[in-house]
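Undergrad: let me see the structure of the following:
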Amino acid sequence: MKKLLSLIVTGLLIITACTETETAKELGSEEKTVSVKVETIQKKFVDQTIEFTGNIEPLIKNNISSSAAQRVEKIYVEVGSKVKKGQLLVEMESLNYAQAKIQLENLKVDLSRTEALYKAGGIPEQQYDQILTQVKISEESLANLSNNTKLLSPIDGIVTQKNFDNGDLAVGQPILVVMKMQPVKILINISEEFFPEVKIGTPVKIVLDIYPNKEFPGKVMLIHPVIDATTRSFQAEVRIDNPSLLLRPGMFARAIVDFGSREKVVVPDRAVIKQSGTNDKYVYVINGDRVTYTKVELGRRIDSIYEVVSGVEQGQQVVVAGNTSLMDNTKIQISESKLDITL
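TA: Model (predicted):
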């Protein structure tokens with residue numbers, strides 16, 4: 001009887017312990033709710049003053065060289081020299097030129113004799129035409145040698161590079177480089193969304209870090225007709241007057257273009273989470289009493305907001321505080337909701 005009573009008591013204790021354990025498990029597994037603050041995504045008119053970067057380039061760059069490997073007889077300019085169009089810059093070895101000149105003079109003597117015989121009826125027309133053709137070919141050859149013996153500047157500009165000295169055999173590189181620096185230009189890549197708005201003559205403001213208190217007015221003077229499918233942008237050439245030659249090729253510059261204002265979907269910067277190790281960006285979007293971890297594509301940042309390219313839409317709510325404690329599908333409680341985004 002005592003044994004039976006003992007077994008009954010033991011069984012009751014076991015049942016009680018199991019019941020308490022299950023209750024504890026149920027209490028421990030209760031889903032945690034995270035308190036967050038949210039803002040509602042809105043459309044805003046955003047100034048479309050876009051800054052592009054690039055390097056100042058010469059309007060024209062000419063490589064001065066001979067078409068054949070020749071020895072440099074004399075270079076008449078140095079790096080930094082200002083030159084005029086048509087000015088003699090380099091004289092090359094003239095041996096071939098001298099030989100070709102003598103050959104042409106001999107051919108002209110033969111032509112004079114042949115012409116007299118032809119007019120007197122002493123030779124056929126075909127023979128006369130042959131010597132006439134030889135003279136024309138020789139004249140063209142001499143002119144070509146002249147162009148490659150006396151090297152002239154094709155532009156008004158400045159000598160920016162000298163690769164050989166007098167007596168050197170010029171091979172592989174230009175002898176001189178001449179650049180036209182008035183005006184200069186900068187090439188900028190503009191997003192395709194602005195393609196319909198960019199015109200020849202569109203004003204551009206140029207600023208350089210080395211001239212912090214100066215602005216240089218420029219204009220779009222050339223628009224490339226195709227869109228780069230990789231970057232979704234097109235290239236435009238901006239020219240800048242440079243009468244004082246303050247702007248030099250290679251200088252880093254910023255080109256600022258005012259496209260007015262556009263209505264854009266914007267998201268507060270506090271809502272944006274950058275995925276570690278990537279350039280991907282996400283936001284937590286409110287979905288009932290839970291959040292969805294959503295990838296977004298963003299445009300420019302203006303003060304405390306980002307332009308939204310894709311991923312979220314106007315009217316959706318995003319978490320702006322408390323998002324460090326969240327994961328996808330976390331249950332949330334909204335502690336504060338703002339209906340507007342202040343620019």
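
Undergrad: this structure: helices as residue ranges?
TA: Listed in chain order, the helices found in the chain under DSSP state H are 2-28, 95-119, 125-149.

Undergrad: any idea how far S233 is from the residue nearest the centre of the chain?
TA: Closest residue to the average C-alpha location of the chain: N189 at 4.9 Å, with C-alpha atoms, centre = their mean. Shown here: N189 relative to S233, a distance of 4 Å by C-beta to C-beta, to the nearest Å. (C-beta placed from N, C-alpha, C; glycine too.)

Undergrad: same question, P212
TA: Going from P212 to S233 by C-beta to C-beta gives 28 Å.

Undergrad: between those two, which is the more surrounded one?
TA: In terms of neighbours (other C-beta atoms under 10 Å), S233 is the more surrounded of P212 and S233; the figures are 19 against 7.

Undergrad: list the residues that contact the more buried one.
TA: Contacts for S233 (C-beta atoms under 8 Å, 6 or more residues apart in numbering) come out as N189, I190, S191, E192, I227.

Undergrad: likewise L187?
TA: The contact partners of L187, by C-beta under 8 Å, 6+ apart, come to G54, E57, Q235, A236, E237, V238.

Undergrad: wait, which of those is closest to K162?
TA: Within the set of these, E57 lies nearest K162; the separation is 20.1 Å, counting by C-beta to C-beta.

Undergrad: the closest one: neighbouring residues, count only.
TA: Using other C-beta under 10 Å as the criterion, the residues surrounding E57 number 19.

Undergrad: my guess is it meets P249, correct?
TA: Yes. Between E57 and P249 there is a contact at 5.6 Å, judged by C-beta atoms under 8 Å.

Undergrad: hang on, the earlier thing: tell me the contacts of the residue nearest to the centre of the chain?
TA: By C-beta under 8 Å, 6+ apart, the contact set of N189 is F52, D228, T231, S233, F234, Q235.

Undergrad: and the two most separated of those?
TA: Among those, the pair separated by the greatest distance (C-beta to C-beta) is F52 and D228, at 14.3 Å.

Undergrad: so where is the stretch 201-343 of the chain shaky, pLDDT-wise?
TA: Counting by pLDDT under 70, the stretch 201-343 of the chain shows low-confidence ranges at 336-343.

Undergrad: ok, back up a step: common neighbours of E57 and P249, please.
TA: Between them, E57 and P249 share the contacting residues V184, judged by C-beta under 8 Å, 6+ apart.

Undergrad: for burial, what's the neighbour tally of the closest residue to K219 other than its chain neighbours?
TA: In this structure, K219 finds its nearest non-sequential neighbour in G201, 5.5 Å apart by C-beta to C-beta, 6 or more residues apart in numbering. Residue neighbour count, defined by other C-beta under 10 Å, stands at 8 for G201.

Undergrad: go on, the one 3 residues further on?
TA: Applying other C-beta under 10 Å, we find 22 other residues in the vicinity of V204.
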